[in-house]
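# For reference, the sequence and a predicted model appear below.
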Amino acid sequence: MANKQNFWSGLQNQVDSTKIRYFALITGILFLLLGIAGFVPGLVSLPAGAPNVAVDAPRLSLDSGYGYVLGLFPTNSLHNAVHIVVGLLGIAAYTSASGALTFTRGYAIAYALIALMGLFPFSNTTFGLMPIYGNNVWLNGITAAIAAYLGFSKPPETSTASTPTNVDSGSSTV
């Protein structure tokens, strides 16, 4: 019975590590493609109203490559480079279960904080370096929530009802 229980427990852990590995791979590919797309002029558009941007629009110290990737996500050159690095880390993490778990947990923490920063006017440009407002907030928040679920939730326990193997009943045979 114990061997059967160990088999199912091991199988469940393997399935969970596979999910985590594929999360790292899919996230890596997504962010690598977003980062590369940010450097392709045809995939980046200026915000509505450009060049007459509203006075209260967030200002960036680094405005090189500023625009909206696919018309949705505000970005600049530094933001694109960060996406490429995160993408490559995710793809590299896919190669091992422990690497994928570390990536997923780190991603969950970092991107949850970035999503929160995007909600506040004083930090929604990463202090003037990268735009993390608009659609970036929900992208970062949703992916961070998925990463937190996969990286920090405990796998379901299998049945622990088993019979002890070495029980001393107090009687001995001579």
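That came in fine, so what should we check first?
# Grab the most central residue of the chain for me.
Tyr107 (4.2 Å; Cα atoms, centre = their mean).
# where in the chain is pLDDT low?
1-15, 48-58, 155-174 (pLDDT under 70).
# Could you rerun that using 90?
By pLDDT under 90, the low-scoring segments of the chain are 1-17, 45-67, 71, 121-129, 153-174.
# in it, which spans are strands?
44-45, 67-69, 73-75 (DSSP state E).
# picking that back up, nearest residue to the residue nearest to the centre of the chain other than its sequence neighbours?
Ala147 (4.7 Å; Cβ to Cβ, 6 or more residues apart in numbering). From N, CA and C alone the C-beta is placed, and that goes for glycine too.
# What number of neighbouring residues does the one you found come out with?
Using other Cβ atoms under 10 Å, Ala147 has 24 other residues around it.
# distance of it from Arg105?
7 Å (Cβ to Cβ, to the nearest Å).
# picking up where we left off before, quick one: the residue nearest to the centre of the chain and Ile146 touch, right?
No. At 9.4 Å, Tyr107 and Ile146 do not qualify as touching, with contact defined as Cβ atoms under 8 Å.
# Relative to Pro131, which of the strands of the chain is closest?
Pro131 lies closest to strand 73-75 among the strands of the chain, at 3.7 Å (Cβ to Cβ).
# Just checking the distance from that closest one to the centre of its chain.
18 Å (Cα atoms, centre = their mean, to the nearest Å).
# now stretch 132-140
The answer for stretch 132-140 is 13 Å, by Cα atoms, centre = their mean.
# how about it: buried residues?
Ile132, Tyr133, Gly134, Asn136, Val137, Leu139, Asn140 (16 or more other Cβ atoms under 10 Å).
# what do you get for stretch 18-34?
Applying a neighbour-count criterion of 16+ other Cβ under 10 Å, one finds Ile20, Arg21, Phe23, Ala24, Leu25, Thr27, Gly28, Leu30, Phe31, Leu32, Leu34 buried in stretch 18-34.
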